[in-house]
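Peer 1: I'd like to go over a predicted model; first the sequence, then the structure.
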Amino acid sequence: MKVADGVSKVVKVMEGVAVLALWCIMVLTASDVVSGMFRRPIAGAYDLVGIGSGIAVSFSLAVTSWKKQHIMIDTIYKRFPATVQALWAVVLRSVNGIVFAVLIVYLFGLSFDLTRTGDVCGTVPWLPLWPIPLILGCACLGQCLVMLSDLVGLLRGGRT
């Protein structure tokens, strides 16, 4: 199995997680509005929507990068020779991968610290905080896999 095939499967799962998180946000928001009409708003809805938004956005990063749907500055980039474009692509993907790898280490460390302290969400006391940075770190891991796959493709002479 090629690296790109494996990464493609991971990205599809991440896309499903992002879609599910977005769907949950919509259901929660609609339910909160309806229950608010009866003076029974959902406790912690604001925090839960924030957490869901973070999950939706972070898991969609790798999907967007994989599908090449992110914003590119083609106006300047396309004026350079192909070798400069390829070198620039390698540098950008390397820096991106390093930044997200550092972010993974930080988020996993934060998750372990929150596990140790036992912190919970302020408005939703039954919700521990430690899974949130762990989930976001997993999303960053997906972005690193996409960058690594792109680097492998570029170094093999392919255009990604």
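Peer 2: Nice, thanks for sending it over. Numbers count the residues shown, from 1 in each chain.

Peer 1: count of neighbours near residue 76?
Peer 2: Neighbour count for residue 76, taken as other Cβ atoms under 10 Å: 7. Just so you know, the C-beta spots here come from the backbone N, C-alpha and C atoms, and that holds for glycine as well.

Peer 1: element containing it?
Peer 2: Using DSSP states H and E, residue 76 maps to helix 74-77.

Peer 1: so which helix or strand of the protein has the lowest pLDDT on average?
Peer 2: Across the helices and strands of the chain, mean pLDDT, DSSP states H and E gives its lowest value to helix 74-77, namely a mean of 74.

Peer 1: check which helices and strands it sits against.
Peer 2: When contacts are defined as 3 or more Cβ pairs under 8 Å, 6 or more residues apart in numbering; DSSP states H and E, helix 74-77 sits against none of the other helices and strands.

Peer 1: ok, and the closest non-adjacent residue to the most centrally placed residue in the chain?
Peer 2: Geometric centre of the chain, nearest residue: residue 58, 2.2 Å, by Cα atoms, centre = their mean. Closest residue in space to residue 58, ignoring its immediate chain neighbours: residue 139 at 3.7 Å, by Cβ to Cβ, 6 or more residues apart in numbering.

Peer 1: give the contact list for that neighbour.
Peer 2: With contact set as Cβ atoms under 8 Å, 6 or more residues apart in numbering, residue 139 has these partners: 14, 55, 58-59, 61-62.

Peer 1: measure it to residue 68 for me?
Peer 2: Per Cβ to Cβ, to the nearest Å, residue 139 is found 19 Å from residue 68.

Peer 1: then residue 38?
Peer 2: Taken as Cβ to Cβ, the span from residue 38 to residue 68 is 47 Å.

Peer 1: ditto for residue 105
Peer 2: Distance of residue 105 to residue 68, computed by Cβ to Cβ: 27 Å.

Peer 1: neighbour-wise, which of the two wins?
Peer 2: Between residue 105 and residue 68, counted using other Cβ under 10 Å, the more crowded position is residue 105 (12 against 9).

Peer 1: what helix or strand is the more buried one located in?
Peer 2: helix 82-117.

Peer 1: biggest separation within the contacts of residue 139, which pair?
Peer 2: The distance between the two most remote of the contacts of residue 139 (Cβ to Cβ) is 12.7 Å, for 55 and 62.

Peer 1: what about the strands in the chain?
Peer 2: With strands called from DSSP state E, the chain shows none.
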